[in-house]
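Participant: Sequence first, predicted model second:
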Amino acid sequence: MAIEIRVPSDEQWPELARADARGFGTQYSDEQMAERRPLIDLERFRVAMDGGRIVGVVGSFAFDMTVPGGATVPMGGTTWVAVSATHRRQGVLTALLDAVHRDIDDRGEPVAALFASEGGIYGRFGYGVATFGRTVVIDRNAARLRPGLVPDASAVRYADHDEAEALLPPLWDRARRLRAGQTDRSAAWHQFAATGGRRAAGEQSPAFYLVHADGYAVYRVEHHWGPIPGHRLHVTEFVAATPQAHLDLWHVLLGVDLVAAIESRVVPVDDPLGQLVTNPRAVQTSSLEDALWVNVRDVGVLMGARAYGTDDRLVLEVEGQRWAIEAQGSQAECRRVRTRPDLVIDRAALGSLSLGGVRPSELAAGRRAEARSPEVLRRADALFVVAPAPFCGTFF
């Protein structure tokens, strides 16, 4: 029997959720399925059917993503990618991704993006690594702010769950526009996070909330009691719209009692915390890995919406199509041309360039890009790479 790709019905939701969970080696409880259901727009999902059973699923979330310079563009957040082990190497994943990509294109979203469970899958589907995530472990006893820095501890206070549920969404929306790669969050996303924060997560406590007029931090505590308590504090959200908020929030986090180590996966690669303490070795990066993978669906829209690091004009050839990027001040334009290309890349490499976190020269050294000359490559580095480094703190 031929495999059929279709939009799932509401009645298929429980089976869809079970198929996704099975693909990732877990199971959702009825409560977990009920909590996730408001996040899911089934019109954006596709399932593979074989004999009346779901054997594969891929979907997307509707996001608004910040690009370099602070503009935003619609994004399809590709997610729930799972194919049954009984249907490997039958073209199911390709058919599902093709269907979801067509849906994203039809909705006028110029970019698709995902977090990859495995790093060897998505390059062939046009996704390239655009942001990096690191796990930071801080020795709390050795981490002291440098003399002369003046945090305002009175600017930070604790909020309970109900208050945090109201305070955090506008702070998130304000700060997410300051860094490329960040996304908006719907009311359903904020509600999902708030619901999860009310209960323990494995060995970690329910969430604690620190709020500031210009940001917030969310953390959980993993208890390690003994003659000398050595708890581990896990920072799960850190949002700061100003440098002072960044300093004030970290000042309080570094002062939480009974804590030996602070761990976080939400500290961007260029976060200045290591520069703010007297001993930079107190802030260790325990892992650095790919994070958001980007697939540029509409080159003209996405590359024309972002800002660039210098004024210049370069012609890209992307899988046979040539695009001229012209940047002047805060304005940029990207349009189809027929002139000789300066840089030849594939769609996955363009995804890596799209948010300014990967240098063209790095792609060229890895045989992922071909430049017309060394001078062109130098100009391309100056054009595409911007600060701050891109980062996505919404994991989907």
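Facilitator: Everything's here; your move.
Participant: Correct me if wrong: Arg22 contacts Ala82.
Facilitator: Yes: between Arg22 and Ala82 there is a contact under CB atoms under 8 Å: 7.2 Å. In this view, the C-beta of every residue, glycine as well, is placed from N, C-alpha and C.
Participant: Between those two, which is the more surrounded one?
Facilitator: Just comparing Arg22 and Ala82: by other CB atoms under 10 Å the higher neighbour count belongs to Ala82, 22 against 15.
Participant: Run a quick check on the more buried one versus Arg18, I expect a contact.
Facilitator: No: Ala82 is beyond contact range of Arg18, at 10.2 Å (criterion: CB under 8 Å).
Participant: quick one: the strands in the stretch 151-300 of the chain?
Facilitator: 157-159, 208-212, 215-222, 231-240, 259-264, 283-290, 292-296 (DSSP state E, counting those that start in this stretch).
Participant: Make JSON lines out of these and add distance to Tyr122.
Facilitator: Output for the strands of the stretch 151-300 of the chain, formatted as JSON lines (distance: least, CB to CB, whole Å):
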{"stretch": "strand 157-159", "distance to Tyr122": "38"}
{"stretch": "strand 208-212", "distance to Tyr122": "35"}
{"stretch": "strand 215-222", "distance to Tyr122": "29"}
{"stretch": "strand 231-240", "distance to Tyr122": "26"}
{"stretch": "strand 259-264", "distance to Tyr122": "26"}
{"stretch": "strand 283-290", "distance to Tyr122": "10"}
{"stretch": "strand 292-296", "distance to Tyr122": "5"}
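Participant: what's the closest of these to Val277?
Facilitator: Closest to Val277 of these, according to CB to CB: strand 283-290, at 6.4 Å.
Participant: From the chain's centre, how far out is the closest one? Work that out for me.
Facilitator: 16 Å (CA atoms, centre = their mean, to the nearest Å).
Participant: Could you report the separation of the closest residue in space to Ala291 that isn't next to it in sequence from Ala389?
Facilitator: Nearest residue to Ala291, sequence neighbours excluded (CB to CB, 6 or more residues apart in numbering): Gly133, at 3.7 Å. Distance from Gly133 to Ala389, counting by CB to CB, to the nearest Å: 11 Å.
Participant: Next: Ala21.
Facilitator: For Ala21 relative to Ala389 (CB to CB), the value is 33 Å.
Participant: try Ala213
Facilitator: Taken as CB to CB, the span from Ala213 to Ala389 is 25 Å.
Participant: between these two, which one's more packed in?
Facilitator: Counted by other CB under 10 Å, Ala213 and Ala389 do not tie: Ala389 has more neighbours, with 18 against 13.
Participant: quick one, phi/psi of the more buried one?
Facilitator: phi -60, psi 140 (degrees, to the nearest 10).
Participant: which residues does it contact?
Facilitator: Residues near Ala389 by CB atoms under 8 Å, 6 or more residues apart in numbering: 131-132, 179, 268-270, 356-357.
Participant: mind running it again at 6 Å?
Facilitator: Ala389 makes contact with 268-270, 357, according to CB atoms under 6 Å, 6 or more residues apart in numbering.
Participant: Would you agree Ala116 is in contact with Ala291?
Facilitator: No: Ala116 is beyond contact range of Ala291, at 9.0 Å (criterion: CB atoms under 6 Å).
Participant: what about these two, which has more around it?
Facilitator: Taking other CB under 10 Å, Ala116 and Ala291 do not tie; Ala291 has more neighbours (23 against 18).
Participant: nearest residue to Tyr127 other than its sequence neighbours?
Facilitator: Nearest one to Tyr127, counting by CB to CB, 6+ apart, is Trp293 at 4.0 Å.
Participant: same thing with Trp250?
Facilitator: Distances taken as CB to CB, 6+ apart place Leu273 nearest to Trp250, at 6.1 Å, with adjacent residues excluded.
Participant: any idea how far the one you found is from Arg177?
Facilitator: 22 Å.
Participant: Have a look at those two and say which one is more surrounded.
Facilitator: Between Leu273 and Arg177, Leu273 has the larger neighbour count (other CB under 10 Å), namely 22 against 15.
Participant: Retrieve the pLDDT associated with the more buried one.
Facilitator: Per-residue pLDDT puts Leu273 at 97.
Participant: again, but for Met1
Facilitator: For Met1, the predicted pLDDT is 58.
Participant: count of neighbours near Phe166?
Facilitator: Actually, residue 166 is Ala. It isn't Phe. 11.
Participant: Revised request: answer the last question for Gly202.
Facilitator: 6.
Participant: same question, Ser186
Facilitator: By other CB under 10 Å, 16 other residues sit near Ser186.
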